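# need the 3D shape of this:
(chains A, B, C and D)
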Number of protein chains: 2
Amino acid sequence: MPSTAAADTLKAIKLLEGRWKLIILFHLFDGKVQRYSDLERLIPDISQKMLAQQLRRLEFDGIVHRTVYPEVPPKVEYRLTEWGQALCPALDALLSWADQKDSFEEPA
Amino acid sequence: MPSTAAADTLKAIKLLEGRWKLIILFHLFDGKVQRYSDLERLIPDISQKMLAQQLRRLEFDGIVHRTVYPEVPPKVEYRLTEWGQALCPALDALLSWADQKDSFEEPA
DNA sequence: TAAGTAACTTACTTTTTTGTGCGTTCTTGA
DNA sequence: TCAAGAACGCACAAAAAAGTAAGTTACTTA
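Presented below is the predicted three-dimensional model:
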């Protein structure tokens, strides 16, 4: 284990931190393609500002791909990059960790 | 995949979010036991307040175990719970995801 | 001419998280 | 008598994240 493992894991988690990113990602898994307005509908509590901002960040980080169709009114589609799809196993591992909680009960 | 998968993964990530938690955890992996003052030394930039606060939160969440020795001056030791140790594979999965990044280069 | 549409910006406010510095406790050794 | 040591707690300040509401663009259709 190189000494950067901790730092790199930190970075990985930072890419996913925040109130909205995972929620957005879950709507894009399995190759789903969504328009901005689809995501707005699927995530009723998010503000337009946060949706746009987090999508841009996910795009910048290489997790989400953005396609603009030059139409009026505008049309923009979002999908995961391949690397974004590759997040699945890691999130599954986290989920199964969370699920295991009750099977470990600490001795007092 | 039950429909709570997204919500549960969210919760799991929230347990690890923030500037300090993973840093603290990395110093406790592999059964390492550390005193409060050890962690202070190992994490030079953290303030006492944040160290105490995050340790309490990790304890509350069942990830870290806290042992107080009734001595003067005080002695308090921290170690991972079994469930806390069980985080390793999930963090490894995240790390390997991060490492894979360059092997996926998106077609423009 | 005017309203409608999708996908955002921008300016501003509120909330949450993090940081700073000092105080507290109790006993021991100089 | 008094400073030292370990592990905090507390009040307050700064910074970061999130939320609110209104404005923008550039065509299309009524």
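# ok, the most centrally placed residue in chain A to residue B:22 distance?
For chain A, the residue lying nearest the average C-alpha position, counting by C-alpha atoms, centre = their mean, turns out to be residue A:25 (3.3 Å). Here the criterion is C-beta to C-beta, to the nearest Å. By it, residue A:25 lies 20 Å from residue B:22. Where you see a C-beta, it was placed from the backbone N, CA and C, and this is true even at glycine.
# which bits of chain A sit near chain B?
Where chain A comes near chain B, counting by C-beta under 8 Å from any C-beta of the partner chain, the residues are A:5-6, A:8-13, A:16-17, A:22-23, A:26, A:62, A:65, A:81-83, A:86-87, A:89-101, A:104, A:106.
# okay, and which of those residues map to strands?
When the residues of chain A next to chain B are checked against strands (DSSP state E), the matches are residue A:65.
# can you select the buried ones from the residues of chain A next to chain B in ChimeraX?
Remark: buried members of these, expressed as a ChimeraX selection using 16 or more other C-beta atoms under 10 Å in any protein chain shown:
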select /A:5,6,9,10,12,13,16,22,23,26,62,65,81,83,86,87,90,91,93,94,95,97,98
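# so what pLDDT did the residue nearest to the centre of chain A get?
Residue A:25 is assigned a pLDDT of 98 by the prediction.
# I figured it was touching residue A:57, is that so?
No. Judged on C-beta atoms under 8 Å, residue A:25 makes no contact with residue A:57 at a distance of 11.7 Å.
# close to DNA strand D: what parts of chain A are there?
Residues of chain A found near DNA strand D (C-beta under 7 Å from any atom of the strand) are A:18-20, A:45-50, A:72-74.
# kindly reformat those residues as a markdown table containing secondary structure, pLDDT and neighbour count.
Listed next are the residues of chain A next to DNA strand D as a markdown table, based on DSSP: H, G, I helix; E, B strand; the rest coil; pLDDT from 0 to 100; neighbours: other C-beta atoms under 10 Å in any protein chain shown:
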| residue | secondary structure | pLDDT | neighbour count |
| --- | --- | --- | --- |
| A:18 | coil | 97 | 16 |
| A:19 | coil | 97 | 13 |
| A:20 | coil | 98 | 19 |
| A:45 | coil | 97 | 8 |
| A:46 | coil | 98 | 18 |
| A:47 | coil | 98 | 11 |
| A:48 | helix | 98 | 9 |
| A:49 | helix | 98 | 8 |
| A:50 | helix | 98 | 15 |
| A:72 | coil | 94 | 5 |
| A:73 | coil | 95 | 5 |
| A:74 | coil | 97 | 11 |
